[in-house]
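Chemist: A structural model of the following input is requested.
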Amino acid sequence: MKTVRMHMARSSERVLTRSLVWISEGLALRRSDIGLLTDLERNRAERFERAADRNRSLVAAVMLRRLAAKSLGLDDLRAVEIDRTCDRCERQHGRPRVVGSSFDVSVSHSGPYVVVAASSVARVGVDVEDVEGMDKRPFRKLAEHVCADVERRHVTDYEDLVTYWTRKEAVLKATGVGLEYPLQHLTVSSPREAPELVWYGENANPKIRLFEWRRRCGTRLVLAEAFGSTPASSPELVLSASQPVPDFVRTGGQLPWDQLWDGAV
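Modeler: Modelled structure (predicted):
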């Protein structure tokens, strides 16, 4: 049986009336930031063999703490408690939850990008995929594992494949299913159309909407929101001012530069 964990909101909590997405390009990490993390978070990062992967994990953990502290009205990041208990095995490697909050969070990192999303009005799933420097030759073979039959004819290059992948992974994160659900069993709109969930089988949920940002190099960032009621306004994207990402363009419109943060994770 799947365990559902409920947390009571703090009285000082900022209600996130629309989804908030923080993105940073670059993996700079200050020495003082390490002290903000728990032994569990540091040990989790140390399990990665590559230094870049370890750094991404640490940066994501600090960013999540900063966003949670801001939303909870806390000055001390160490007062934020992150629970990663897996619903299946009870180990600390599951979807992150901020203890004492009512908002949902999602984390993704790839290449130089680290993204954290949060919302009080929807269950969120975020995915970012960096394509620079990747071997793009086997994209048709990979498409067999990612795309439904009806989608494969729209895959003409690696960027098309990444578009399908990020849209689907964001949906599976937002619905709490995860990658155990076969990607080719759900369908989304084609890469040349606005992002939309088309078919989700028995898990069909018409109250899922997608937002997508693209970079000229092919990198994709997708946010999925799963609603239990009326959707809120469009999400707020927060960029790092010290490591700006100026050429991310939202599919169907320009990127809304809602605000900047200081870039220090």
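
Chemist: So which residues of the stretch 101-250 of the chain form strands?
Modeler: With DSSP state E, counting those that start in this stretch, the ranges of strands along the stretch 101-250 of the chain come out as 104-110, 113-119, 123-129, 187-188, 197-199, 208-215, 220-226, 236-240, 248-250.

Chemist: Compare those and give me the one nearest Thr38.
Modeler: Closest approach to Thr38 among the strands of the stretch 101-250 of the chain is made by strand 104-110 (15.6 Å; CB to CB). From N, CA and C alone the C-beta is placed, and that goes for glycine too.

Chemist: buried residues in the closest one?
Modeler: In terms of neighbour count (16 or more other CB atoms under 10 Å), strand 104-110 has its buried residues at Asp104, Val105, Ser106, Val107, Ser108, His109, Ser110.

Chemist: any low-confidence regions in the chain?
Modeler: Low-confidence segments of the chain, defined by pLDDT under 70: 1-16, 133, 202-206, 229-233, 236-265.

Chemist: which residue is nearest the centroid of it?
Modeler: In the chain, the residue lying closest to the centroid (CA atoms, centre = their mean) is Val126, at 2.3 Å.

Chemist: How many neighbouring residues does the nearest residue to that residue once chain neighbours are set aside have?
Modeler: Distances taken as CB to CB, 6 or more residues apart in numbering put Ala117 closest to Val126, at 4.0 Å, once the chain neighbours are dropped. Residues within reach of Ala117, counting by other CB atoms under 10 Å, total 32.

Chemist: is it true that Ala117 touches Ile23?
Modeler: No. The pair Ala117 / Ile23 is not scored as a contact, 9.3 Å apart, by CB atoms under 8 Å.

Chemist: quick revisit: look up how far Lys136 lies from the residue nearest to Val126.
Modeler: Here Ala117 is placed at a distance of 27 Å from Lys136 (CB to CB, to the nearest Å).

Chemist: got it, and Leu186?
Modeler: 24 Å.

Chemist: what about these two, which has more around it?
Modeler: More crowded of Leu186 and Lys136, by other CB under 10 Å: Leu186, with 22 against 14.

Chemist: surely the more buried one meets Leu179?
Modeler: No. Look at Leu186 against Leu179 with CB under 8 Å: they stay out of range, at 11.7 Å.

Chemist: any common contacting residues for those two?
Modeler: Jointly contacting Leu186 and Leu179 under the rule CB atoms under 8 Å, 6 or more residues apart in numbering are Leu172.

Chemist: Kindly export the helix ranked longest in the chain (C-alpha atoms) in CSV.
Modeler: Ranked by residue count under DSSP state H, the longest helix found in the chain is helix 51-72. Listed next in CSV are the C-alpha coordinates belonging to helix 51-72 (Å, rounded to 0.1, in the frame of the first residue of the first chain):
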residue,chain,number,x,y,z
ALA,A,51,32.4,15.2,-9.3
ALA,A,52,30.0,17.1,-11.5
ASP,A,53,27.1,14.8,-10.4
ARG,A,54,28.1,15.2,-6.7
ASN,A,55,28.1,19.0,-7.1
ARG,A,56,24.7,19.0,-8.9
SER,A,57,23.2,17.0,-6.0
LEU,A,58,24.6,19.5,-3.4
VAL,A,59,23.5,22.6,-5.3
ALA,A,60,20.0,21.1,-5.7
ALA,A,61,19.8,20.4,-2.0
VAL,A,62,20.8,23.9,-1.1
MET,A,63,18.5,25.5,-3.6
LEU,A,64,15.6,23.4,-2.2
ARG,A,65,16.4,24.6,1.3
ARG,A,66,16.6,28.2,0.2
LEU,A,67,13.3,28.1,-1.6
ALA,A,68,11.6,26.2,1.3
ALA,A,69,13.0,28.7,3.9
LYS,A,70,11.7,31.6,1.9
SER,A,71,8.3,30.1,1.5
LEU,A,72,8.1,29.1,5.2
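
Chemist: Since that was my last question, I'll sign off now.
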